[in-house]
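J.: Model the following, please.
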Amino acid sequence: MPFVWVTESVVSAIPLQGIEYFGNFYGESGVFLAFHITNSKSKGWEYSVAVFLVLNLMSFLVIFFSYLLMFFVAKHTRSAVQTIQDKTDRCVYLGGTT
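T.: Here you go, the predicted structure:
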């Protein structure tokens, strides 16, 4: 978790470093708006797309596939436990009739 916080802090601080590519990146739009309001593409627009679209898509895919993996592992475990329980029930049933 500390790795994620450090990474996100670095990503958000990159435009503040005075790099020519970004220009007035944070000053051209509202702080809480994901995309710039104007139709013109200003300096640093590729960075915005990378952060707001690509990074969020990658995060979504990691979470989605993690949940999918958990579902299949739980389903497999339940099937294995149910098979063992069925065998135990069958043995108890057969043992009780003799």
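
J.: now the protein, which segments are flagged as low pLDDT?
T.: 24-43, 82, 84-98 (pLDDT under 70).

J.: Helices along that one, start to end?
T.: Ranges of helices in the chain, per DSSP state H, are 2-13, 45-49, 56-97.

J.: Mean neighbour count, those helices: which tops it?
T.: Ranked by mean neighbour count, these are led by helix 45-49 with a mean of 14 (mean count of other Cβ atoms under 10 Å). C-beta here means a position set from N, CA and C on the backbone, and glycine is covered the same way.

J.: Including distance to Ile19, could the helices of the chain go into JSON lines?
T.: Listed next are those as JSON lines, based on distance: least, Cβ to Cβ, whole Å:
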{"stretch": "helix 2-13", "distance to Ile19": "11"}
{"stretch": "helix 45-49", "distance to Ile19": "10"}
{"stretch": "helix 56-97", "distance to Ile19": "23"}
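
J.: closest one to Gly23 among those helices?
T.: helix 45-49 (10.5 Å; Cβ to Cβ).

J.: Would you mind writing the CA trace of the closest one as PDB?
T.: Only the C-alpha atoms of helix 45-49 are listed here, as PDB (Å, rounded to 0.1, in the frame of the first residue of the first chain):
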ATOM      1  CA  TRP A  45      -3.000  16.600 -22.700                       C
ATOM      2  CA  GLU A  46      -1.400  13.200 -23.300                       C
ATOM      3  CA  TYR A  47      -0.500  13.000 -19.700                       C
ATOM      4  CA  SER A  48      -4.100  13.700 -18.700                       C
ATOM      5  CA  VAL A  49      -5.300  10.900 -21.000                       C
END
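
J.: Determine which of the helices of the chain approaches Glu20 most closely.
T.: So among the helices of the chain, helix 45-49 is nearest, using Cβ to Cβ, at 12.9 Å.
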